[in-house]
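Participant: Just need the structure, nothing else, for what follows:
(2 chains)
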There are 2 protein chains.
Amino acid sequence: MTEYPVTAQNRVRQISRKASYDVDVVHRILDAGHCAHVGFVQDGAPLIVPMLYGRDGDALLLHGARKARIVRLLEQSPRVCVNVTLLDGVVIARSMFNCSMQYRSVTVFGEPALVSGREQKLAAMRVISEHLLPGRWAEARDSHEREIKMTGVLRLPIDSASAKISEGMPQDEEDDYALPLWAGVLPLTLRSGELQSDPADVADMAPSQALRALANKAF
Amino acid sequence: MTEYPVTAQNRVRQISRKASYDVDVVHRILDAGHCAHVGFVQDGAPLIVPMLYGRDGDALLLHGARKARIVRLLEQSPRVCVNVTLLDGVVIARSMFNCSMQYRSVTVFGEPALVSGREQKLAAMRVISEHLLPGRWAEARDSHEREIKMTGVLRLPIDSASAKISEGMPQDEEDDYALPLWAGVLPLTLRSGELQSDPADVADMAPSQALRALANKAF
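Facilitator: Prediction:
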């Protein structure tokens, strides 16, 4: 499959020329993001919980405390909607009407299932860890059995998805280009800073190369 | 009111010591954010749409094309859940189990209503504009009547809300502090870059002071 089928569920309605249903495009945006907004229905009402995640092929992996409401609910509640949005800039047009954002956004629909089995769970936890902190899993101390048991991991096969990408310069009304107004883009990037050492680090360790590689960059 | 009442709807279940129901805390996080994830229920299924927003007292203002599905739906569909999350850092513990994020997150519940009336709509549009681009509203050309008509603005009084703030260093197991492992925090910030001029700007205008003040800073 190279494209997610376009259905009533995932069809992008507004500014559909910015939509993509390409599997690679969807995966690339998911891989670039860090925070997934997971929406579900509880007692007929909408709820949103921000969660860390990882991607394993065409599935999202989500985790939380085994006893967390979200894990218990998602285990039962069949349908979820997940959105990952990256803000890339503010498009400053000559009129407020034409102002907009540069962004990459993905919406995923599916039915999550609890990952059971120690090895499957550890593998999923590793994928989520590598997504956020590549290389750290191998350095950190091994998980205790108790910790593995206390973690709930959900696998959400991507049944349906769409991406929406907005880039480029303002598209102003023809007459507006003659106005004496600057227009353009204010770029936005989630950036990491310098690593801050835990003052409780009595051993005065230096961060590993894997961690140093994450500092001071577009994250 | 200085605190939102704690109910079954807004009570933070996980790591409740990080929760706050303080109205000022909730407002401050909303004012610092830029992208709201708006969750609602359509035909029994959850949907999430990322939207820009502004805050007017104890209400959120959201806007979209008047004919957009989200505007039409929210106009009818009474209950929404809005989440605004700011990522502030990755907390790198000695075990993966104790790794976490630094974040500020707010969840709002309420029932949106369409803003009608030209002046009320313009005032609301201005609040959303000032939230994203302070000072630009006064510089940009005045909205055309057609543009005002084409914009749908929703006012969402905050019926209920909670904040969750996670900060500080890793909290590791006592035995883990002796491990030969660096631990600490990788700070994250959404930063703006240099203003990029629209190549179609034939008048070769310079950006205003209000816009220059937005460049190269924590956004």
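Participant: Residue A:212 reaches residue A:192, doesn't it?
Facilitator: No - shown here, residue A:212 and residue A:192 do not form a contact pair, counting by C-beta atoms under 8 Å, at 11.0 Å. (C-beta placed from N, C-alpha, C; glycine too.)
Participant: neighbour-wise, which of these two wins?
Facilitator: Higher neighbour count among residue A:212 and residue A:192: residue A:192, with 17 against 12, using other C-beta atoms under 10 Å in any protein chain shown.
Participant: Spit out the contact partners of the nearest residue to residue A:11 once chain neighbours are set aside.
Facilitator: Closest residue in space to residue A:11, ignoring its immediate chain neighbours: residue A:162 at 7.2 Å, by C-beta to C-beta, 6 or more residues apart in numbering or on different chains. Residues counted as contacts of residue A:162 (C-beta atoms under 8 Å, 6 or more residues apart in numbering or on different chains) are A:4, A:6, A:10-12, A:19-21, A:26, A:106-107.
Participant: for chain A, what are the low-confidence residue spans?
Facilitator: Applying pLDDT under 70 to chain A flags the ranges A:77.
Participant: Could you say which helix or strand holds residue A:134?
Facilitator: Assigned by DSSP states H and E, residue A:134 belongs to no helix or strand.
Participant: sorry, back to before: kindly indicate whether the residue nearest to residue A:11 is helix, strand or coil.
Facilitator: Under the three-state scheme (DSSP: H, G, I helix; E, B strand; the rest coil), residue A:162 adopts strand.
Participant: So what sits opposite it in the bridge?
Facilitator: Beta-bridge pairing of residue A:162 under DSSP bridges involves residue A:107.
Participant: what residues are up against the residue of chain A most remote from its centre?
Facilitator: The centre of chain A is farthest from one residue, residue A:178, which by C-alpha atoms, centre = their mean lies 40.0 Å away. Residues near residue A:178 by C-beta under 8 Å, 6+ apart: B:202-203.
Participant: re earlier: buried members of the contacts of residue A:162 into PyMOL, please.
Facilitator: Buried residues among these (16 or more other C-beta atoms under 10 Å in any protein chain shown), as a PyMOL selection:
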select buried, chain A and resi 4+10+12+19+20+21+26+106+107
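Participant: wait, residue A:92 sits on residue A:172?
Facilitator: No - the pair residue A:92 / residue A:172 is not scored as a contact, 10.4 Å apart, by C-beta under 8 Å.
Participant: So those two - more neighbours on which side?
Facilitator: Each of residue A:92 and residue A:172 has its neighbours counted (other C-beta under 10 Å); residue A:92 has more, 30 against 21.
Participant: check contacts around that one.
Facilitator: Contacts of residue A:92 were listed using C-beta under 8 Å, 6+ apart, and they are A:99, A:170, A:182-186, B:133, B:136, B:211.
Participant: partner residues bridging it?
Facilitator: Using DSSP bridges, the beta-bridge partners of residue A:92 come out as residue A:184.
Participant: All the helices of chain A, residue numbers only.
Facilitator: With helices called from DSSP state H, chain A shows them at A:23-32, A:69-76, A:118-132, A:136-139, A:145-150, A:209-212.
Participant: Please save the CA atoms from the third one in PDB.
Facilitator: Looking back up the chat, that one is helix A:118-132. Provided in PDB are the C-alpha atoms of helix A:118-132 (Å, rounded to 0.1, in the frame of the first residue of the first chain):
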ATOM      1  CA  ARG A 118       7.100  -9.600  28.000                       C
ATOM      2  CA  GLU A 119       9.200  -9.600  24.900                       C
ATOM      3  CA  GLN A 120       6.600  -7.800  22.700                       C
ATOM      4  CA  LYS A 121       6.200  -5.200  25.400                       C
ATOM      5  CA  LEU A 122       9.900  -4.600  25.800                       C
ATOM      6  CA  ALA A 123      10.300  -4.300  22.000                       C
ATOM      7  CA  ALA A 124       7.500  -1.800  21.900                       C
ATOM      8  CA  MET A 125       8.900   0.200  24.800                       C
ATOM      9  CA  ARG A 126      12.300   0.300  23.000                       C
ATOM     10  CA  VAL A 127      10.700   1.700  19.800                       C
ATOM     11  CA  ILE A 128       9.100   4.500  21.800                       C
ATOM     12  CA  SER A 129      12.400   5.200  23.600                       C
ATOM     13  CA  GLU A 130      14.400   5.200  20.400                       C
ATOM     14  CA  HIS A 131      11.900   7.600  18.800                       C
ATOM     15  CA  LEU A 132      12.500  10.200  21.600                       C
END
